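A.B. asks: sharing a model that was predicted from the sequence below.
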Amino acid sequence: MEKAADFTAIPVLDLNLINQGKEEQLLDEMRNALINVGFFYVKNHGVPQSLLDKTKESAIKFFDQPLEVKEKFDKIHSRSFYGYSKQGFETTKGKKDNREQYDFGDVVDIAPKTDDPEYYGLYAPFQYPTDDVVPGFKDTYEELLRNYNRLGMRLLEIVAKSLGLPYNVFDKYFEKNHQNRAKVIKYPSVSELDPLDGNQGVGPHKDQAFTLTLLYQADFLPGLQALNNKGEWIDVTPLPGTFVVNIGTGLEILTDGITKATIHRVNSPPAGMGPRYSIPYFLGVRLDEPFKVLDLPTELEYLRAKIKRTPEEEQFKQDFLNRLSTLMMENRVRSHPDVGYKHYPEIAKRMGIDENTKF
Ligand SMILES: O=C(O)CCC(=O)C(=O)O
Ligand SMILES: [Fe+2]
């Protein structure tokens, strides 16, 4: 897919414009961010700073525990791929990502039964760090999820209107059987890393199959960067009182490539600066229905003419529209082959993961 335009800064969208009677301005700014950048900051988002401070405090308390305590909550115990991943366990395109993380997701009212399709395992109940390890962790993070969810839905309404679509056009993607995934991440600074580890916090990637990612950068540290069309990395410097929002390939596909899923990465914090913490929330869509690309207004047709997809991107689009549940399951197994092999041996085997695979 064609890359985003040559932006040199990330726009800031102020949700207060609506109360000030300046909704049109907000919609124009949103449309520009969606089409030309793929990233924006959102301010006056309504999520209390005191809650965000508590999430950071709890994250520090958890990540500061000895490894043997953290490993009690390892993902390997979870059919839904939620839980702890230790530092350096994941890679992006074969290169080590220097981060540790805890994956968690929206509270849902689905208890997978034996006769449910296998992907229902992705909704299986999971374990948060217990109160004896970090008091209040679960309550704090569930409160954050509710806030993220409310804001995400509000942003999708603004996205829809900015593209000239009915405000509720995305509702059908969320009706039921839906759970958004999130994680809290610690990126150690390079002084805490082995020199051979390099300084990749997470390598260049798009947020696959999601619509929007909402991201809280909990420290005023550099690291997050977005790639523009000229191949320049543009800093997404933390701004007080904002979240960063970026577009995932799911929204790119639903809008037939008119909105941009921009490649981004995180560099490890420089020596002596201490660790960086962040909390992304990945707004997905329900997994149980085939989708169609949205009918977009004719004024946006000219943008569609520019779309070029590689064969892999075209295949991904077909999978997203026709077999999303399988795609999501395979994505999880690919990211965490040890968990996949333990809980879904047949799927793992189909993907070339077996008893000989080194995890
Ligand atoms: O930690 C960040 O700032 C970004 C993380 C990210 O891009 C991801 O996990 O997909
Ligand atoms: Fe990302």
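C.D. replies: That came through, no problem. Ligands and ions are numbered 1, 2, ... in the order given.
A.B. asks: distance check, residue 207 against residue 29.
C.D. replies: Relative to residue 29, residue 207 is positioned 21 Å away (C-beta to C-beta, to the nearest Å). (Each C-beta comes from the backbone N, C-alpha and C, glycine too.)
A.B. asks: so for those two, which residue has more residues nearby?
C.D. replies: residue 207 (25 against 19; other C-beta atoms under 10 Å).
A.B. asks: show me the beta-bridge partners of the residue in the stretch 151-300 of the chain that ligand 1 sits nearest to.
C.D. replies: Among the residues of the stretch 151-300 of the chain, residue 278 lies nearest to ligand 1; the distance is 3.5 Å by C-beta to the nearest ligand atom. For residue 278, the beta-bridge partners under DSSP bridges are residue 185, residue 217.
A.B. asks: that one contacts residue 202, correct?
C.D. replies: No: in this structure residue 278 lies outside contact range of residue 202 using C-beta atoms under 8 Å: 9.8 Å.
A.B. asks: next, show the common contact partners of the two.
C.D. replies: residue 266 (C-beta atoms under 8 Å, 6 or more residues apart in numbering).
A.B. asks: more neighbours, these two?
C.D. replies: Taking neighbours as other C-beta under 10 Å, residue 278 and residue 202 compare with residue 278 leading, 26 against 23.
A.B. asks: and for the closest residue to residue 216 other than its chain neighbours, the neighbour number?
C.D. replies: Leaving aside its chain neighbours, residue 216 sits nearest to residue 279 (4.5 Å; criterion: C-beta to C-beta, 6 or more residues apart in numbering). Residue 279 has 24 neighbours, counted by other C-beta under 10 Å.
A.B. asks: per-residue pLDDT, residue 279?
C.D. replies: Listed pLDDT for residue 279 reads 98.
A.B. asks: near ligand 1, which residues of the stretch 51-200 of the chain show up?
C.D. replies: Where the stretch 51-200 of the chain comes near ligand 1, counting by C-beta under 6 Å from any ligand atom, the residues are residue 185.
A.B. asks: where along the stretch 51-200 of the chain do the strands fall?
C.D. replies: 83-85, 91-92, 95-96, 100-105, 181-187, 200-205 (DSSP state E, counting those that start in this stretch).
A.B. asks: how about TSV for those strands, with mean pLDDT added?
C.D. replies: Output for those, formatted as TSV (pLDDT from 0 to 100):
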stretch	mean pLDDT
strand 83-85	97
strand 91-92	85
strand 95-96	88
strand 100-105	98
strand 181-187	98
strand 200-205	96
